[in-house]
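1. Here is my input; please provide its structure:
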Amino acid sequence: MSLSFFILLIGDESYSFSTLIKVLNSETVPGASFSIMEIRLPKLLAGIIAGWSFGLAGFIFQTMLRNPLASPDIIGVTSSSSIAAVFCILVLKTNSLTTGIISITCGLTSSLILFLLAKKDGFSAARLIILGIGFQAVTRAGTSFLLLKVARYELQEVMRWLSGSLSFTKLDDIPLVLI
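-> Residues are numbered from 1 along each chain as shown. Below is the predicted model:
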């Protein structure tokens, strides 16, 4: 974690540690203030939060399923969020915030449905995993179908969503990322 802050110093233009301290203390340093506070710091913070979130999601699934190899992508939570995001971008033409909210809602809803189906006749982690793998196959096929129908100029936006990007992250976005 402490090493990650070196990303604030190194880039197209490298800065000294004293310059970094000045900028973080709200002193204006020509060139460095914008580069550090508007470009580098937001990406760093969003990346750290995203990493923690992925780790937490994996830990929760591994604990609930009592399986050290379990993860949200195995049971289809990730793929249901993905198909929702692709549908929002390509069909509904929603903005980024709405796409994110709908994507998260679909992921949570699909996990709830899968847990309810796995609970039939007593909860079974094995049943949940098998149902999830089937669900994942269906949602991935749906995502692939939508991607086959997309125009080239829309594909870039969709792929940015599916693979993740910190390119357009601003400092104002960090509180939203924490939620």
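2. Counting neighbours, what do you get for Val177?
-> Neighbours of Val177 under the rule other CB atoms under 10 Å: 17. C-beta: built from backbone N, CA, C; applies to glycine.
3. pLDDT averaged over the strand or helix carrying it - what is it?
-> Using DSSP states H and E, Val177 maps to helix 174-178. In this model, helix 174-178 has a mean pLDDT of 87.
4. mind listing what's buried in it?
-> By 16 or more other CB atoms under 10 Å, the buried positions in helix 174-178 come out as Val177.
5. which of the residues in the helix or strand that contains Ser103 are buried?
-> Element membership of Ser103, judged by DSSP H and E, is helix 96-119. For helix 96-119, a neighbour-count test (16+ other CB under 10 Å) marks Thr99, Gly100, Ile102, Ser103, Cys106, Gly107, Ser110, Ser111, Leu114, Ala118 as buried.
6. Turn those residues into JSON lines, columns for distance to Ile75 and pLDDT.
-> Listed next are the buried residues of helix 96-119 as JSON lines, based on distance: CB to CB, whole Å; pLDDT from 0 to 100:
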{"residue": "Thr99", "distance to Ile75": "22", "pLDDT": "94"}
{"residue": "Gly100", "distance to Ile75": "21", "pLDDT": "90"}
{"residue": "Ile102", "distance to Ile75": "20", "pLDDT": "97"}
{"residue": "Ser103", "distance to Ile75": "16", "pLDDT": "95"}
{"residue": "Cys106", "distance to Ile75": "14", "pLDDT": "96"}
{"residue": "Gly107", "distance to Ile75": "11", "pLDDT": "93"}
{"residue": "Ser110", "distance to Ile75": "9", "pLDDT": "95"}
{"residue": "Ser111", "distance to Ile75": "7", "pLDDT": "91"}
{"residue": "Leu114", "distance to Ile75": "6", "pLDDT": "92"}
{"residue": "Ala118", "distance to Ile75": "9", "pLDDT": "89"}
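7. so where's this structure shaky on pLDDT?
-> Applying pLDDT under 70 to the chain flags the ranges 1.
8. Using the record's assignment, carve it into domains.
-> The record's domain parsing of the chain by automatic domain parsing lists 1-67, 72-179.
9. looking at these, which is buried most?
-> Greatest average neighbour count among the domains of the chain goes to domain 72-179 (a mean of 15), per mean count of other CB atoms under 10 Å.
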